[in-house]
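Enquirer: Kindly return the folded structure for what I paste below:
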Amino acid sequence: MIQSILKFIFPPLCLHCEAETERLFCKGCQGFFELIQPQGRCVCCFQESSTRGPCANCLKEKRWHIQCSAALDDCAPTRTFMQKVQQGHSPHLIKSAASFMVAQYTCLGWPSPDLLIPLTRLLFFRKNDSSYLLAKEIGKYLEVPVSPSLFHIKKNKWVLWPRFVAEEKVVLLIHPKSVSPEEIDILYEALYTSFPKRIYLLSLLGRSLAPHA
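Expert: Coordinates of the predicted model:
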């Protein structure tokens, strides 16, 4: 009886379109939550590409030091999901988002990482920073340590924590949304001095950009 009254006063609504539903999203919105297929994507920037391997733009810019991927396409329902995740106040949403990302990581067949680095926006990051919370949850799934060592301090400027070393380690960067190809270059410039073996970047949401040739 009490549950019926609560549902009447606070009906469970879809996080995006607010249609009544028993889940986070209604059936119509759930259809947008499918993993992006890596086929037909650049292995470096993960944009749609008509060629196998690096796209023409990544070859031109010699952008093959970081391999990127994202779990979900950027559309209205998934964008709402990401925005809720970025607020950092809902552990169940963080777990759901991390599950999508781990599933995509498994599908890609990337090597097991030695270290997860969340791309945090502040040098002295908050404990509810979404990148950090996602990395922590993914670290539990993959049984990999998390090191908040890379920080965004201003536009086009990322800094590495002093004396941080990732020598011969496979590093997996974590962020809610894919970064631009130009920012990939900036991230590599910040990271290469730590001597990682390989660098990968996994995001919850892809980018809405025109495909490369």
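Enquirer: all strands of this structure, in order?
Expert: 66-72, 115-120, 150-154, 157-160, 170-177, 198-205 (DSSP state E).
Enquirer: Just checking: what are the partner strands of the shortest one?
Expert: For strand 157-160, the pairing partners within the sheet under DSSP bridges are strand 150-154 (antiparallel).
Enquirer: Now the strand it pairs with: buried residues?
Expert: Applying a neighbour-count criterion of 16 or more other Cβ atoms under 10 Å, one finds 150-152 buried in strand 150-154. (Each C-beta comes from the backbone N, C-alpha and C, glycine too.)
Enquirer: The nearest residue to S131 once chain neighbours are set aside bridge partners, please.
Expert: Distances taken as Cβ to Cβ, 6 or more residues apart in numbering put P118 closest to S131, at 3.7 Å, once the chain neighbours are dropped. Beta bridges link P118 to I174, judged by DSSP bridges.
Enquirer: what about the chain, any weak spots by pLDDT?
Expert: The model of the chain has pLDDT under 70 over residues 1-11, 122-126, 208-213.
Enquirer: the longest helix in it is where?
Expert: As assigned by DSSP state H, the longest helix anywhere in the chain is helix 91-108.
Enquirer: from the chain's centre, how far out does that helix sit?
Expert: Between the mean C-alpha location of helix 91-108 and the chain-wide mean there is a distance of 9 Å, by Cα atoms, centre = their mean, to the nearest Å.
Enquirer: Tell me which residues of that helix come out buried.
Expert: Here helix 91-108 shows 93-94, 96-98, 100-102, 104-105 as buried, counting by 16+ other Cβ under 10 Å.
Enquirer: who touches it?
Expert: The contact list for helix 91-108 (Cβ atoms under 8 Å, 6 or more residues apart in numbering) reads 24, 33, 35-36, 38, 69-72, 81-82, 84-85, 88, 130, 133-134, 137-138, 141-142, 172, 174, 176, 202-204.
Enquirer: try stretch 20-37
Expert: The contact list for stretch 20-37, computed with Cβ under 8 Å, 6+ apart, reads 11-17, 19, 46, 69-73, 75-78, 81, 93, 96, 100, 103-104, 107, 206.
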